[in-house]
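> have a look; sequence and predicted model below, questions after that.
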Amino acid sequence: MGRYFPLFVDLEGKKVVVVGAGTIAERRIRTLLGFGARITVIAPEAVDQIQTLAAEKELVWRREAWSGAAEELLPGSVFVLTAVDDPAVNGAVWRACKARGIPVNRADDRSRCDFYFPGVAEGGGVTVGVTAGGKNHRLAREVTEKLKKWLAEI
């Protein structure tokens, strides 16, 4: 796999679809909300934090499993994240996005990602995205946390 170019994108008011509503999806959703994304979550069940965000109208939660009808929610998305515990569902989402030319991040298979979801550190007017190329999430998380502490001091 090649190297990925870091790119900063204006998400304010832009549509992002997240398939899945577990802890990985919840972390990513919170990050995206901080950048003003309009998020639609597709999942029959959700962790408490996502249920609360939906109740507070911070996102739209479609309480349904991935299906052909759910695919109709993809057009207009800047990108799609899929983080479901079922590789068959993640694969179906990936194929639907590829057919529509929508960039997709598949949490269970880095070889099927058009982009990696970075660790994000902000402070002092600076935003930093951190990735270890999808290979070492622990290292990326540690570097992100160190950067957050350092940026808080400037």
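Noted; the coordinates are in hand.

> where does residue 137 land on pLDDT?
Predicted confidence (pLDDT) for residue 137: 83.

> over to residue 43?
For residue 43, the pLDDT comes out at 98.

> neighbouring contacts of stretch 3-11?
Around stretch 3-11, the neighbours that count as contacts under CB atoms under 8 Å, 6 or more residues apart in numbering are 32, 35-37, 78, 115-116, 118, 127, 129, 131, 133. Where C-beta positions appear, they are placed from N, C-alpha and C, glycine not excepted.

> show me what counts as buried in that stretch.
For stretch 3-11, burial by neighbour count (16 or more other CB atoms under 10 Å) applies to residue 11.

> next, the distance between the ends of it.
One end of stretch 3-11 sits 23 Å from the other (CA to CA, to the nearest Å).

> what's the average pLDDT for it?
Stretch 3-11 comes out with an average pLDDT of 89.

> give me the distance from that stretch to the chain's centre.
Put simply, stretch 3-11 sits 13 Å off its chain's centre (CA atoms, centre = their mean, to the nearest Å).

> what does stretch 20-36 give?
Distance of stretch 20-36 from the chain centroid (CA atoms, centre = their mean) equals 6 Å.

> for this structure, what's the longest helix?
helix 137-152 (DSSP state H).

> who touches it?
Contact partners of helix 137-152, identified using CB under 8 Å, 6+ apart, comprise 118-124, 126, 128, 130-132.

> so where do the strands sit in the protein?
Listed in chain order, the strands of the chain (DSSP state E) span residues 15-19, 38-42, 60-62, 79-82, 104-106, 119-123, 126-130.

> okay, the ones you listed in a markdown table with mean neighbour count and distance to residue 54 next?
Below are those laid out as a markdown table (neighbours: other CB atoms under 10 Å; distance: least, CB to CB, whole Å):
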| stretch | mean neighbour count | distance to residue 54 |
| --- | --- | --- |
| strand 15-19 | 25 | 12 |
| strand 38-42 | 23 | 7 |
| strand 60-62 | 17 | 4 |
| strand 79-82 | 25 | 16 |
| strand 104-106 | 23 | 21 |
| strand 119-123 | 17 | 22 |
| strand 126-130 | 15 | 27 |
